[in-house]
Structures are given as C-alpha cells and as structure tokens.
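Here is a sequence together with a model predicted from it:
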Amino acid sequence: MWRRAAVLVCGVVVLCNGSRAADAPAAQPATPTPLARRLAWYQRVTRDAFEAAAQKDPKWEADARQCVDAFCRSLDQPGVRRNGDEEDLIFLFGQKAIQAGCKDPLVIYAFARNLTLRSPRGNALADAHRDAADRFKDSKYPAFWKALASLRAARYLADAAGGDEAKLKQARGYVDAALQSLPDAFADKDLPAYELYEFMRAVVDAQARTGDQAGALGEKVLAALEKGALPKSVALTARGDYYLLYGWEARGTGYANTVTRAGGAAFAQRVRAARDALLEASKLEPANAEAACAMLIVEKAIGTSRKDLDQWYQRAMAADPDSYRAAMRKVEYLYPQWHGSPEEMVAHARQVAATARWEGGMPLVLVEVHWELAGMHDPGKKPVDPAYFANNPEAWKDVKAVYEAYLRRVPDSRYHRTRYALIAAWCGQWADAQRQFAKLGEDFSRRPVPEALYRQARALAAANASSAPQAAGDNQPPAAPAKQPEPALPF
C-alpha cells in the first residue's frame, strides 16, 4: 500500500507518492464511520433479510439474489461498490426472477422502484408498487420496507387515479398502512439518519398526490419518529428534512420567476421551520453530519453568506468525511442560478477529489460536476452538450485523472467506462476514446446518453483514432498480470 498526498497544482489534481507503508495492517478506526454504519444497515435489511425472509424456489432464487444484491449496492453512494450498473442489473435479474414466478416482496419492490427510471405503459408503476406493498404486509421483512413501499404505492396509485375519488381513496388506504408500520420501523435504533431524508421524500410525495395539502401525514410521521428508538437529534434532523422537502414541493424547482406568491410564502415558512429543527439537532449533537448537511440546503434557500455555508459544510465533512451528499449539496449551492459560478463549482469539486477518499467515491464528484456543467452548457441539448468538453481542455485533464484511477479500481463499471469513452471522444482524445470503446464493445451502458449519440461518438473516434498518436502496446494482446506494486495514481 502506498501513502499518498493529493495536492492541487495549477488547478489540476496531482499525486505525491510517499514512502511505502510497513507490512503491518492499517489501524482500524475505534468506532465505525458513518459510511460503515450505513453499509452494515443496508446489508442487514436487504441481503440478510432476503436470506431470512424469502420463500425461495430454485427456478428463480439465483436471479432474485442477484437483484437484491444490486438493490443493496444501489442504496450506497456512487463509488467503488455502487459502480453505476446497479439499475440495469435490478431490471435484468428482477424481471427474470418475476417471470420465473418469484413473488418475493423485496425483489418486486426493487423492480418497482427501477421502473420509475423507465417509461412503463399504462398503470405499470402503480400496479408494481401496490403488489410490493401488499406482499410486504404479512412478510418477515423489516417494517421500514413495509412503510416505505406503502408510501410509494400511495403516491403512484394516486398518480394513476386521474382524479377518480374511489381510486384516490384506495391510495389513501396505503397511507394508512404505512402509518401502521411506523412504530416497528422507527424502533430500529440502527436506522441511519441518512436514509430518513429519502423516507421523508416519500412522505411528501404521498401526501401531495393524495390531496393532503395541510401536511397531516408529515406530522403523524414525525410524531411516530419522536416516539421511536432513535436519538432526539436524529428525529429533529428528519423534521428538518421533511420541512425542506415540503417547502420545495410548495415552491417548485423552476427559476424564481416561476414561483407563485403563495408558493414562495409557503416555501419561506417551511424553510424557517426546517432551520429551527436543524439548529436544535446540531446543538444536541454537534457531530450530527446529516443535520449539518441539511443546513446546506437551508443556506442555498436563504443565501445569507458564503461563510455560513462553508461552516456547515466543514461540520458535515468533519463528522462524515465520506459524505458525497454534502459535497454535491455544496455543488448545488454554487450553481450559477443560485450563489456561485461554473468556476467555483469546478474549484470545489477539485478540492473534494483531492481528498482521495475512494471508499466514499468522493473523487467522482469532479466528473459529476463537469457532466452537470455540460448539461447546463446548452439547455436545448440533452442530457449534455458535447461542445462543453470540446472547448474545455481542463475538463479533460480532470476527467482523465479521475476515471483512470477509478477504472483501475472498478474495471467492470460499464456506466463509468461508457461516460469516459464519450467524454474522451467529445474532447478529441481519439486514442483514449478508442481504447475505451474497444473495451466496451456492444456491452456499453445505455443510461448516460441516448444510444444514437453514443454510436455517433464511437464512429467519430474510430474514424479519427488512426491519425492519433498511439500509446505503446495499444494493439497488443494484454499481458498476463504480474504481481507488482500498484502504479502511481492521480489521487
């Protein structure tokens, strides 16, 4: 193992190698990190729960297990475990298992969630979520999934109701089912505060779709949480999350000129409620990473000062150095339409990448920022404008540094290798692009861009690669791997 110090030189992240570490194992932290605790919880409520609760059948068991494994990884943040291919695997293996007769609620729930990324016909989303919620009801799976599946079923059933009051009544029945599961769900003392943000998103979505304009559902959920086994600071953080999400639901996600007077007033009121809860949570537990992380959204909303934003960001990262969520929330604060600029977004992302915290996927923030800026470059070109990369040599340096290091660690990531190949082609780096396209073949990810855009970039790289300088050994068969020290990495 090599010790490394990452530094910024002329705006580009480089690596300084130190001496080789001793052969003794690295010292383990006295207490698990927040990321390690989340990973342990994900393992318990997905893979372990499936092994304990599923009624298995050899006809579909292997495919179901693959689906659950991918679902577990999809809950993680991007990085060395969640490599971007999880959603494709959930769809592939979930579909195979279900077609073979699998009725396991966790598999059906994972597949139902996955359908939201696609364009299902008719009432497929509502039917899939209702099926998952119904099958969870009498299962031995954790109550957290029962509550969350019922909330999502309520949301999608209401979406499909089309104003039909009888169908809306059925959707509200799933809200009631979710409430019945809450005491057991919130009795789990290991439930991560990190996960409560997404849970509160489901609460806000369900109450909005079912016509609960007064937020009665949210208050019932918060009351149940306060009676549960989690510390008061966590319950207050969840209250802050809820009011932030509830506030954005009133405001909408458009530019300021699209916000109605009533929506703006509700937004301001709910953000203040969120701030009060989060400040109290932070006072009770100064090392509460999720409270500090949520305050980054408050600061984006109220825009008091960059100093306040930076203080909350530093608190979040001190408590959880692997907080990809905090890093990306500061990115959002720095959007040009909020309180920053593209240059500040990139500068921040380079600092995050320089931490070299691969376990939490932190260097990937730098690629994500460039990808987002490419999406902003010309709003008429979706999902991204290739011209952003063509005219930005510094972006290529950043992307190449991150992806070369990442793909050495996670060589089987189709998603990230596909993005790397595309960016290389758009930057006119033909030899690099051709190498990545060749490794992918037809097994590329369809998620980053439409297939036609991918094939266009691949054809362009193939046409130009012959005139590009070739690296030694480009056309040679790969040599057998030799046991040797890991090469110097960019981070």
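Looks like it arrived, so ask away.

Give me the helices and strands touching whichever helix or strand Glu198 is part of, please.
For Glu198, the host element (DSSP states H and E) is helix 193-209. For helix 193-209, the helices and strands in contact under the criterion 3 or more Cβ pairs under 8 Å, 6 or more residues apart in numbering; DSSP states H and E are helix 34-43, helix 143-161, helix 165-185, helix 216-226, helix 232-251, helix 289-302. (Glycine included, C-beta is placed from N, CA and C.)

Touching the first one from outside, list them.
Helix 34-43 is contacted by residues 32, 72, 75-77, 81, 190-192, 194-195, 289, 319-320, 322-323, 359-360 when judged by Cβ atoms under 8 Å, 6 or more residues apart in numbering.

Among these, name the ones in helices.
Judged by DSSP state H, helices contain the following of the contacts of helix 34-43: 72, 75, 194-195, 289, 319.

May I see the buried residues of the helix holding Glu198?
By 16 or more other Cβ atoms under 10 Å, the buried positions in helix 193-209 come out as 193-197, 199-209.

Could you do stretch 78-91 as well?
Of the residues in stretch 78-91, those buried by neighbour count under the rule 16+ other Cβ under 10 Å are 78-79, 81-91.

same check, this time on stretch 43-58
45-47, 49-50, 53-54.

again, but for stretch 139-159
For stretch 139-159, burial by neighbour count (16+ other Cβ under 10 Å) applies to 139, 141-159.

Could I get the average pLDDT for it?
Rounded to a whole number, the mean pLDDT of stretch 139-159 is 97.

before we move on, which element is Glu332 in?
Here Glu332 is assigned to helix 324-333, by DSSP H and E.

Please state the mean pLDDT value computed over that helix.
The predicted model gives helix 324-333 an average pLDDT of 96.

Quick check: which helices or strands does it pack against?
helix 289-302, helix 306-319, helix 342-353, helix 364-377.

For the ones you listed, please prepare JSON lines with the additional fields mean pLDDT and mean neighbour count.
Conversion of these to JSON lines gives the following (pLDDT from 0 to 100; neighbours: other Cβ atoms under 10 Å):
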{"stretch": "helix 289-302", "mean pLDDT": "95", "mean neighbour count": "25"}
{"stretch": "helix 306-319", "mean pLDDT": "96", "mean neighbour count": "18"}
{"stretch": "helix 342-353", "mean pLDDT": "97", "mean neighbour count": "20"}
{"stretch": "helix 364-377", "mean pLDDT": "95", "mean neighbour count": "22"}
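
mind giving me a markdown table with those and columns for distance to Tyr335?
Formatted as a markdown table, the helices and strands packed on helix 324-333 follow (distance: least, Cβ to Cβ, whole Å):
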| stretch | distance to Tyr335 |
| --- | --- |
| helix 289-302 | 9 |
| helix 306-319 | 13 |
| helix 342-353 | 7 |
| helix 364-377 | 8 |
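
so which of these gets nearest Asp276?
Proximity to Asp276, assessed across the helices and strands packed on helix 324-333 by Cβ to Cβ, is greatest for helix 289-302 (10.0 Å).

hmm, who's touching stretch 130-140?
If you take Cβ under 8 Å, 6+ apart as the criterion, stretch 130-140 is touched by 49, 52-53, 103-106, 108-109, 112, 145-146, 149-150, 152-153, 156-157, 174, 177.

Nearest residue to Ala301 in space, please, no chain neighbours.
Val271 (4.8 Å; Cβ to Cβ, 6 or more residues apart in numbering).

Could you pull up the residues touching the one you found?
For Val271, the residues meeting the contact criterion (Cβ under 8 Å, 6+ apart) are 243-244, 247, 298, 301-302.

Could you measure from the closest residue to Ala154 other than its chain neighbours over to Trp312?
The shortest distance from Ala154 to any non-neighbouring residue, by Cβ to Cβ, 6+ apart, is to Tyr174 (3.9 Å). Relative to Trp312, Tyr174 is positioned 36 Å away (criterion: Cβ to Cβ, to the nearest Å).

likewise Leu191?
23 Å.

Ok, Arg135 next?
Using Cβ to Cβ, one gets 41 Å for the distance from Arg135 to Trp312.

Check Ala153 too.
Ala153 sits at a distance of 35 Å from Trp312 (criterion: Cβ to Cβ).

next one: Ala160
Using Cβ to Cβ, Ala160 is found at 40 Å from Trp312.

Could you do Ala36 as well?
Ala36 sits 23 Å away from Trp312, going by Cβ to Cβ.

what about the residue lying closest to Cys427 once chain neighbours are set aside, neighbour count?
If the residues on either side of it in the chain are set aside, Cys427 comes closest to Trp396, at 4.2 Å by Cβ to Cβ, 6+ apart. Close neighbours of Trp396, defined as other Cβ atoms under 10 Å, add up to 19.

can you pull the pLDDT of Lys397?
At Lys397, the predicted lDDT confidence score is 97.

what does Leu8 give?
Reported pLDDT at Leu8 in the predicted model: 38.

Also Asn17?
pLDDT for Asn17: 32.

Reduced to three states, what does Lys140 come out as?
Secondary structure, DSSP: H, G, I helix; E, B strand; the rest coil: Lys140 is coil.

how far away is it from Ala54?
Plainly put, Lys140 is 9 Å away from Ala54 if you go by Cβ to Cβ.

coming back round to it: confidence-wise, which of the buried residues of stretch 78-91 comes last?
Of all the buried residues of stretch 78-91, the one the model is least sure of by pLDDT is Gly79, with 90.

Leaving out the residues flanking it, which one is nearest to the residue nearest the centre of the chain?
Centroid check for the chain by Cα atoms, centre = their mean gives Gln77 as the closest residue, at 5.2 Å. The spatial neighbour of Gln77 that comes closest, neighbours along the chain excluded (Cβ to Cβ, 6+ apart), is Tyr324 at 4.1 Å.

how about the one you found, what does it touch?
Going by Cβ under 8 Å, 6+ apart, Tyr324 touches 77-79, 360-362, 364-365.

Flag every buried residue along the longest helix anywhere in the chain.
Criterion DSSP H: the longest helix present in the chain is helix 261-284. Buried residues in helix 261-284, counted by 16+ other Cβ under 10 Å: 263, 266-267, 270-271, 273-275, 277-278, 280-282, 284.

count of neighbours near Asn464?
Using other Cβ under 10 Å, Asn464 is surrounded by 16 other residues.

same deal with Thr253?
Taking other Cβ under 10 Å as the neighbour definition, Thr253 ends up with a count of 8.

where does it fall, helix, sheet strand or coil?
For Thr253, the secondary structure call by three-state DSSP comes out as coil.

so how far is Tyr156 from it?
20 Å.

Check whether Leu157 really touches Arg172, as I assumed.
No: the pair Leu157 and Arg172 does not pass the contact test of Cβ atoms under 8 Å, sitting 9.1 Å apart.

Let me see the confidence value for Ser467.
The confidence metric pLDDT takes the value 66 at Ser467.
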